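S.K.: Below are the sequence and a predicted model; questions follow.
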Amino acid sequence: MSVRSDLRRYRRLLGYAAPYRRGWALIVGLSLVGSAFSILQPWPMQVLVDHVLGHHPLSPALARAVRWLPGGPSPQALLAAVVLAGLALFAVSSAIDGIVTLAYIRAGQRMVYDLAGDVFAHIQRRSLLFHHRVPVGDSLGRITTDSWCVHNMVSTILFGPATALVTLAMMLTVLFRMDAGLAAVALCVGPLAIAARALFRGRVRAAVRARREVESRIQSHVQQTLSGVSVVQAFAQEDRSRRGFVEIASAIAEAQGRAILVRAGSRLGPGLLMTAGMALVLFVGAHRVLSGRISVGSLLVFLAYLKTLQSQMGSVTNGLGALQGTSAGVERVMEILEAEPEVKDRPGAAVLGPVRGEVALEGVTFGYDGGRPVLRGISLVARPGETVAIVGATGAGKSTLVGLIPRFFDPWEGRVTIDGRDVREVQLKGLRGQVSIVLQEPFLFPTTIAGNIAYGRPEASPEEVEGAARAANAHAFIERLPRGYETVVGERGATLSGGERQRLSIARALLKDAPILILDEPTSALDAETEEALLLALRRLVAGRTTFVIAHRLSTIRGADQILVLDEGRIVDRGTHDELLAGENRYSRFHALQRAAAAGERTMGSAERA
């Protein structure tokens, strides 16, 4: 990554600090005041050593400052003044530090949440293809962990070193006034320490990014395991999952160890240089005390300043090191913010108002990987209110075909239109507002029954929610739940049966009341009795809507206005149920096979009863 690209990214992230400029101004102001108090803190010690214990005469300025003390400039009065001054400086400095810390929390955390919200929004807008390829844990890590990079940038990299530089300038001014030669000896060490830290920049950056990548793997492993915990338990694979966790955790420990070693190396050189500088200053300063050029108290003040000076230089070099570590998080965050969504509104996209529901695919070709089309030259027309059934073997492209209607993907070739308008020319939100989907495996959120039904229309009234539930044949079982419509369902609706979840999914689609409906094998995972109970609800849902049904059981699509048979991404047969059964084609063979299978099941059932 080039320096220019890094700077551009940092400038963009710094924009998240702008809304909280007042908080940052307060931090800067108080930090400068705190720096001034840090300059004053060693001086009571100088007065104690030189004028209380050492009986050195007071300077004119100090004599004027203490002449108002009770008892005058006596050793006892000076001692009391030194103690009180030390306590006052400590109390004021601590109060300033506390206020600055609180301001950092208020401004810094809000800034992080703003960035995390934008990363979350960008991830939501990525296509389903992105979400199929990128583990949830990786995306979660970018939102919850990597977004803190902006806080590190502003606090550790920008304000920390800036405050340190101001403090350095003030201290160096005092040091040079005290003893220019000794100050020059101390000052020459700093640039060498910064240069030593810069040599490790690339290694630290690579090590931190490698650690973050491995950490995202453990989040993905935990999320995937807990999402499929029923399968894990059914196949008794808990130990295997634990071993996988331990392996990834070991990889994290190794990556963390490498990062720590690299960072320790990046600190070793500066630390050795600063320690050598302290020894050199102590050696030269002691000779100056022995020669009478400075007092013992002045040397103690100088050493205290030097320690603070080295600490402030450390803040500058640590800021450089933090920049190296933060850059890994910056890269992972900016990969999301800079990526163009695969499917997005075109400039000037029109608002799609209410539609009649005519859907057409014209010569559509599409695939997930370049050179491997899933759909090839698909053309069809569904008129308003018609039901189009799509059948075919697994992998024939059925779900992909219906996914083009709400623009989950864009075709490589051809176009998809609604009422004659290319779906790429209208706004996504309006387009998807005209489409309802009922999936084979309904997804429910861990919230109330009413909240799940009203997910597509959160402003719906309780009466409308109940009406949709009644039409979906769900009201009866909802009323039996402990809190009725306010009952909170488990993760993914795990506390409900498959048929109950599907009825809630149908109620959600009914309440949305979109003119175009997609049913992706909504009953294939249900038993025959539950399926029969759902068919009435589905007939209510389909009425008056342009409907696309992906069907596994051909018996459920007898009344479709047209049936399309897909094979390897092409439409090989089309017609009504009766028309297709009248010929020798793939649909008639599917039908014969299913009738034979059903007859076999009935024979086996009779034998068991006998």
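M.R.: Good, I have the coordinates.
S.K.: When you work out contacts or count neighbours from here on, use the C-alpha atoms and nothing else.
M.R.: OK.
S.K.: low-scoring stretches of the stretch 101-250 of the chain, by residue?
M.R.: 157, 189-206, 208-209, 212, 216, 223, 227-231, 233-236 (pLDDT under 70).
S.K.: That one: strands as residue ranges?
M.R.: For the stretch 101-250 of the chain, no strands are identified by DSSP state E, counting those that start in this stretch.
S.K.: Kindly report the same for the chain.
M.R.: In the chain, the strands defined using DSSP state E lie at 359-366, 375-382, 387-392, 413-418, 421-422, 435-438, 516-520, 546-550, 562-567, 570-575.
S.K.: Let me have those strands in JSON lines, extended by distance to Val47 and mean neighbour count.
M.R.: Formatted as JSON lines, the strands of the chain follow (distance: least, C-alpha to C-alpha, whole Å; neighbours: other C-alpha atoms under 10 Å):
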{"stretch": "strand 359-366", "distance to Val47": "83", "mean neighbour count": "21"}
{"stretch": "strand 375-382", "distance to Val47": "87", "mean neighbour count": "18"}
{"stretch": "strand 387-392", "distance to Val47": "92", "mean neighbour count": "25"}
{"stretch": "strand 413-418", "distance to Val47": "85", "mean neighbour count": "20"}
{"stretch": "strand 421-422", "distance to Val47": "84", "mean neighbour count": "14"}
{"stretch": "strand 435-438", "distance to Val47": "81", "mean neighbour count": "23"}
{"stretch": "strand 516-520", "distance to Val47": "85", "mean neighbour count": "25"}
{"stretch": "strand 546-550", "distance to Val47": "89", "mean neighbour count": "26"}
{"stretch": "strand 562-567", "distance to Val47": "93", "mean neighbour count": "23"}
{"stretch": "strand 570-575", "distance to Val47": "93", "mean neighbour count": "17"}
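S.K.: Return the residues in contact with the nearest residue to Leu428 once chain neighbours are set aside.
M.R.: Of all residues not flanking Leu428 in the chain, Asp345 sits nearest, at 6.2 Å (C-alpha to C-alpha, 6 or more residues apart in numbering). By C-alpha atoms under 8 Å, 6 or more residues apart in numbering, Asp345 lies in contact with Arg424, Glu425, Val426, Gln427, Leu428.
S.K.: Name the member of these with the shortest distance to Pro341.
M.R.: Leu428 (12.1 Å; C-alpha to C-alpha).
S.K.: Please name the residues that touch Arg383.
M.R.: Gly357, Glu358, Val359, Thr546.
S.K.: Leu510 now?
M.R.: Applying C-alpha under 8 Å, 6+ apart, the residues contacting Leu510 are Ala468, Ala471, Ala472, Leu541.
S.K.: Check the gap between Phe590 and Phe37 for me.
M.R.: Distance, Phe590 to Phe37, by C-alpha to C-alpha, to the nearest Å: 86 Å.
S.K.: swap that for Asp578, sorry
M.R.: Where Phe37 is concerned, Asp578 sits at a distance of 92 Å (C-alpha to C-alpha).
S.K.: Please say which of those two ends up with more neighbours.
M.R.: A count of neighbours by other C-alpha atoms under 10 Å puts Phe37 above the other of Asp578 and Phe37, at 16 against 11.
S.K.: Before we move on, what's the pLDDT of that one?
M.R.: Looking at Phe37, its pLDDT is 81.
S.K.: contacting residues for it?
M.R.: Residues near Phe37 by C-alpha under 8 Å, 6+ apart: Leu89, Val92, Ser93.
S.K.: Select from those residues the one having the most neighbours.
M.R.: For the contacts of Phe37, the largest neighbour count, defined by other C-alpha under 10 Å, is 20 neighbours, found at Ser93.
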